[in-house]
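>>> Fold the stuff below for me.
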Amino acid sequence: MARTKRRGLVPLIIVGVLAVLLVVAYFLVDGGLRAFAQDTAEKEITKSMPASVTGDVNVTIGGTSVIAQFIAGSFDQVELTAPSLTVDGVPASVHVVARDVSTNTAKAIGSLTATLDIDQAALNQLVQASGTAPADAVMTLGDKVVTYTGTVKLFEFNVGYSATATATAAGDTLNIAPTEATVTSGVGDIDATPLVNLILQQAPISVCVAGYLPEGVELNGVDISPERARVTLESSTLMLTRQSLTTLGTCSG
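Here you go, the predicted model:
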């Protein structure tokens, strides 16, 4: 009876061992496919980037199994990092998290959030390229604020000033609005209060970034520190196709 039981257990043991080997093989293959998929994605994204964008992009596919996600037709999460990207000559650090990424590239990504870090020099390039800032304005990053200098014409005098401003995001535009101002030169004994009020009433410096981003990607926040300006982006319409990635937005006006 014991021999019969042992004989009966042999097929179960064999099946169990085979099952374990299959599971191990599955995850070994899955790991290989994950690495292959990530490498392929990196190459395809690099090929799809506009000519004005250069730099290495690293791709990480999340989730427990690439095979299972592929069969289901959607990847849970795809993360892109590009710490040293250059966009139209402007250096930036980029981190992108895309969720619910369909294997059908004709479908939009479920959601995309991204952070874009630019340094002080890059911010000044963007501001000057916008054409909305004084020609001699120089931006300096601070703690939650941006300070800049400039000049305004008062009668026959060029009056220098220093302004402290806050940065906000709206759609495709980064707005830098002065909240405090100090006259630094050129008024002599004249009361500077009206001039300060004039500076504060100026329209914000508006930096449209649509021309740097794929169409449908918008700003939803900005955080300023002495080291960098961090812009947060989002989209629910972007597709991982060459056309979608290379079709940039446009700025009105």
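>>> Could you use CA atoms for every contact and neighbour count after this?
Fine.
>>> And the helices in this protein, which stretches?
2-48, 66-72, 120-130, 193-200, 242-246 (DSSP state H).
>>> Check the ones you listed for me: which has the lowest mean pLDDT.
Out of the helices of the chain, the stretch the model trusts least by mean pLDDT is helix 2-48, with a mean of 67.
>>> Identify the residues contacting residue 139.
With contact taken as CA atoms under 8 Å, 6 or more residues apart in numbering, residue 139 is in contact with 120, 123, 124, 146, 147, 148, 149.
>>> Residue 107: which of those residues is nearest?
Nearest to residue 107 among those is residue 123, at 33.8 Å by CA to CA.
>>> Against residue 173, how distant is that closest one?
Distance, residue 123 to residue 173, using CA to CA, to the nearest Å: 13 Å.
>>> And the two? Which one has more around it.
Taking other CA atoms under 10 Å, residue 123 and residue 173 do not tie; residue 123 has more neighbours (22 against 18).
>>> contacting residues for the more buried one?
Residue 123 makes contacts with 139, 229, as judged by CA under 8 Å, 6+ apart.
>>> do residue 169 as well
Contacts of residue 169 (CA under 8 Å, 6+ apart): 175, 219, 220, 221, 222.
>>> Most neighbours among those, please name it.
Within those, neighbour counts (other CA under 10 Å) peak at residue 219, which reaches 23 neighbours.
>>> Pretty sure it sits against residue 173.
Yes - the pair residue 219 and residue 173 passes the contact test of CA atoms under 8 Å, sitting 7.1 Å apart.
>>> hmm, back to that, and the contacts of residue 139, which of them are buried?
Among these, those that count as buried by neighbour count (16 or more other CA atoms under 10 Å) are 120, 123, 124, 146, 147, 148, 149.
>>> Nearest residue to the fourth one in space, please, no chain neighbours.
By that I understand residue 146. Spatial nearest neighbour of residue 146, excluding adjacent residues (CA to CA, 6 or more residues apart in numbering): residue 165 at 5.1 Å.
>>> now do the last one
Using CA to CA, 6+ apart and skipping residues adjacent in sequence, the residue nearest residue 149 is residue 162, 4.4 Å away.
>>> Roughly how far does that neighbour sit from residue 195?
Separation of residue 162 from residue 195 (CA to CA): 12 Å.
>>> got any residues that touch both of the two?
Counting by CA under 8 Å, 6+ apart, the residues touching both residue 162 and residue 195 are residue 183.
>>> in stretch 55-64, what's buried?
Buried residues in stretch 55-64, counted by 16+ other CA under 10 Å: 56, 57, 58, 59, 60, 61.
>>> Thanks a lot, catch you later.
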